[in-house]
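Student: Sequence first, then the predicted structure, then my questions.
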Amino acid sequence: MRRFTKLLITSLLIGCAIIACSKDQTYSLKVPSESILVSMPGDTGSTNFDSQNITSITVTSTPEGWTVDNIDMYSGTITVTAPTAFDSEEVTEGTLSLKGYTPTGATKSIDIYVAILHNADVDYTSAPANCYIANAAKTRYRFNPYIGGSSTQLDTEYIALVWESKIGVVKYLDIRNGFASFYVGEQIDDNDESTGKITPGNAIIGGYNADDELVWSWHIWVTNSNPTTETFMLNGHEVMNINLGADCNSEGAKDKEKIFGSYGLYYQWGRRTPFVGPYEWNFYGNMDARMYNADERVLYIDYCDCTDETGMLTWANDNTLSFIKGNPENGYDWLYASHDDTLWSTNTKSEQDPCPAGWRVADISVFENLTIEAIDDSMSWEEAQPMYGWNLEDSATGETHFFTAAGRRNYLDGRLDIINDDDFRPIPWSGYYWTASTDGADAKALFFDLNTETRTWNGINTSHSMHRANALPVRCTRE
């Protein structure tokens, strides 16, 4: 009996310890947006917080001049007011620190970035698209979390980062009053000084419902260029002078940084979500560029076979990191069953179009007058190869425009298809650019090539048939 009683008491003590331990382990306090941004001095702003087993929250520190007006535990809202004037003791931005308390006395501390925006909001809410350009530092961008290019609303409960090409390309994602927003910061140099520029890169923001299911995603194109104004005319069409997702046009400069910044992103025909390019500027080893999630962990492209499950548009939209290999039974399309020529359109902007508002994937007529400029065509391969591209001449006007030779992702396995011999001689390098035009089971692309191994053939084909599972760069044209 004593032994039984002792065992019972021991069991109860262990049980109590487990319960107490469980209580300590299940509390949390977080602010999804990580910030409160206001437009003007004296403005009031708020953000939501999520908590579990937190009964009260106190303010432990605030930037000078900022006040915390309310912490509403019921609605999960924190409201602050910015200073109305500034002197040496008051700042336009800083860190607000909070501490949450559990019923057992445990605490959880968090920091929130608060700031008065240096620039006015860039408002994309009246121009929905699948891609939004961000080229101003220290700026908040607002958009409607709708199906791209339409006013079709989605059951979006919250937004979150799917991936970004560099850590911190976009920050402070939030959704309030039906509008989504993100913030682009400023690039800091090695001396911790402001540069006035942004950190170029790309990000995918996902919209999720209350069941944590991805309902749509948007590409954020962060670039130091001005893609909608840096343009030229081809065959009566206005064309961006930069690849979709790129930071610049290298213009043939033999500069590694400019060449690397000119590649942009790669798209399987008809898909609106992109894939990153090479890890190295010269495609050495054909390794993929890195991507990062919200926890700053490295992500990788998933190369999957085309099946009756994966080869569906809905599955492709839900799995933005999945490259769907070409299905040999369907002409090497990434779609499993039938081809869909409406995913991209030659005359109107489609729901799956990857370009920003007012722009779409070019149709085949846009490039039909292009040839390789005679000067480039007559160069020795030692002169031409370091440019990583061609100056292409518009035979109708005589004007030339530089197109980077960014290669492709092969339809068979998704591999980046520029073959390296060594750092100096990639053999061969080729340029591919999708159009919205189709050709039976295939789609049409602009294609040009330099054979640096034998230097026996330079070629261009403005109407090259390509399997749709290839992932190629895109140049957007104005609608």
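Tutor: That came through fine.
Student: Quick one: residues contacting residue 54.
Tutor: Neighbour list for residue 54: 27, 28, 29, 73, 100, 101, 102, 108 [criterion: Cβ atoms under 8 Å, 6 or more residues apart in numbering]. Heads up, the C-betas are built off the backbone N, CA and C, glycines and all.
Student: helices or strands next to whichever strand or helix holds the fifth one in the packing?
Tutor: It refers to residue 100. Counting by DSSP states H and E, the element that carries residue 100 is strand 93-101. Under the contact definition 3 or more Cβ pairs under 8 Å, 6 or more residues apart in numbering; DSSP states H and E, strand 93-101 sits against strand 56-61, strand 107-116.
Student: Save these as TSV, and put in mean neighbour count, distance to residue 203 and mean pLDDT too.
Tutor: Below are the helices and strands packed on strand 93-101 laid out as TSV (neighbours: other Cβ atoms under 10 Å; distance: least, Cβ to Cβ, whole Å; pLDDT from 0 to 100):
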stretch	mean neighbour count	distance to residue 203	mean pLDDT
strand 56-61	13	30	95
strand 107-116	18	18	94
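Student: ok, back up a step: tell me the most packed of the contacts of residue 54, by neighbour count.
Tutor: In terms of neighbour count, residue 100 stands highest of the contacts of residue 54 at 24 neighbours, by other Cβ atoms under 10 Å.
Student: what are the bridge partners for that one, then?
Tutor: residue 57, residue 108 (DSSP bridges).
Student: Is it in contact with residue 110, as I believe?
Tutor: Yes. Judged on Cβ atoms under 8 Å, residue 100 makes contact with residue 110 at a distance of 7.4 Å.
Student: any residues in contact with both of these two?
Tutor: Common neighbours of residue 100 and residue 110, using Cβ under 8 Å, 6+ apart, are residue 29.
Student: rewinding a little: want to try a markdown table for the helices and strands packed on strand 93-101, with distance to residue 361 as columns?
Tutor: As requested, the helices and strands packed on strand 93-101 are exported to a markdown table (distance: least, Cβ to Cβ, whole Å):
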| stretch | distance to residue 361 |
| --- | --- |
| strand 56-61 | 49 |
| strand 107-116 | 37 |
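Student: out of the ones you listed, nearest to residue 161?
Tutor: Among the helices and strands packed on strand 93-101, strand 107-116 comes nearest to residue 161, with 15.9 Å by Cβ to Cβ.
Student: what inclination does that closest one have with respect to strand 56-61?
Tutor: Relative orientation of strand 107-116 versus strand 56-61 (axes from the mean of the first three to the mean of the last three Cα atoms, to 10 degrees): 60 degrees.
Student: gap between strand 107-116 and the chain center?
Tutor: Remark: strand 107-116 is offset 26 Å from the chain centroid, using Cα atoms, centre = their mean, to the nearest Å.
Student: Then stretch 157-166?
Tutor: 8 Å.
Student: Just the C-alphas of it, formatted as PDB.
Tutor: What follows is stretch 157-166, C-alpha atoms only, in PDB (Å, rounded to 0.1, in the frame of the first residue of the first chain):
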ATOM      1  CA  GLU A 157      -6.600  36.300 -44.500                       C
ATOM      2  CA  TYR A 158      -2.900  37.300 -44.400                       C
ATOM      3  CA  ILE A 159       0.100  37.700 -46.700                       C
ATOM      4  CA  ALA A 160       3.600  36.200 -46.100                       C
ATOM      5  CA  LEU A 161       6.900  35.800 -47.900                       C
ATOM      6  CA  VAL A 162       7.200  32.700 -50.000                       C
ATOM      7  CA  TRP A 163      10.800  33.400 -51.100                       C
ATOM      8  CA  GLU A 164      13.200  36.200 -51.900                       C
ATOM      9  CA  SER A 165      16.400  36.200 -53.800                       C
ATOM     10  CA  LYS A 166      18.300  38.100 -51.100                       C
END
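Student: Only C-alpha atoms, please: export stretch 38-48 in PDB.
Tutor: C-alpha atoms of stretch 38-48 as PDB (Å, rounded to 0.1, in the frame of the first residue of the first chain):
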ATOM      1  CA  VAL A  38       2.900  56.100 -40.700                       C
ATOM      2  CA  SER A  39       2.800  58.600 -43.500                       C
ATOM      3  CA  MET A  40       3.200  62.000 -41.600                       C
ATOM      4  CA  PRO A  41       4.400  63.400 -38.300                       C
ATOM      5  CA  GLY A  42       1.700  63.200 -35.700                       C
ATOM      6  CA  ASP A  43      -0.100  60.300 -37.500                       C
ATOM      7  CA  THR A  44      -1.500  57.400 -35.700                       C
ATOM      8  CA  GLY A  45      -0.800  53.900 -36.900                       C
ATOM      9  CA  SER A  46      -1.600  50.400 -35.700                       C
ATOM     10  CA  THR A  47      -0.700  46.700 -36.400                       C
ATOM     11  CA  ASN A  48      -2.000  43.400 -35.300                       C
END
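Student: Flag every buried residue along that stretch.
Tutor: Buried positions in stretch 38-48, judged by neighbour count with 16 or more other Cβ atoms under 10 Å: 38, 45, 47, 48.
Student: Adding distance to residue 130, secondary structure and pLDDT, write these out as JSON lines.
Tutor: As requested, these are arranged in JSON lines below (distance: Cβ to Cβ, whole Å; DSSP: H, G, I helix; E, B strand; the rest coil; pLDDT from 0 to 100):
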{"residue": "38", "distance to residue 130": "29", "secondary structure": "strand", "pLDDT": "93"}
{"residue": "45", "distance to residue 130": "29", "secondary structure": "strand", "pLDDT": "94"}
{"residue": "47", "distance to residue 130": "27", "secondary structure": "strand", "pLDDT": "94"}
{"residue": "48", "distance to residue 130": "26", "secondary structure": "strand", "pLDDT": "93"}
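Student: mind checking how far residue 180 is from residue 161?
Tutor: 12 Å (Cβ to Cβ, to the nearest Å).
Student: Give me the common contacts of those two.
Tutor: Common neighbours of residue 180 and residue 161 are listed as 173, 205 (criterion: Cβ under 8 Å, 6+ apart).
Student: Give me the more crowded residue out of those two.
Tutor: Remark: of residue 180 and residue 161, residue 180 carries more neighbours, 23 against 19, as counted by other Cβ under 10 Å.
Student: In contact with that one: list those residues for me.
Tutor: Counting by Cβ under 8 Å, 6+ apart, residue 180 makes contact with 142, 143, 144, 145, 156, 159, 173, 174, 205, 207.
Student: what's stretch 62-82 in contact with?
Tutor: 31, 36, 38, 40-51, 54-57, 59, 83, 86, 89-98, 112, 114, 116.
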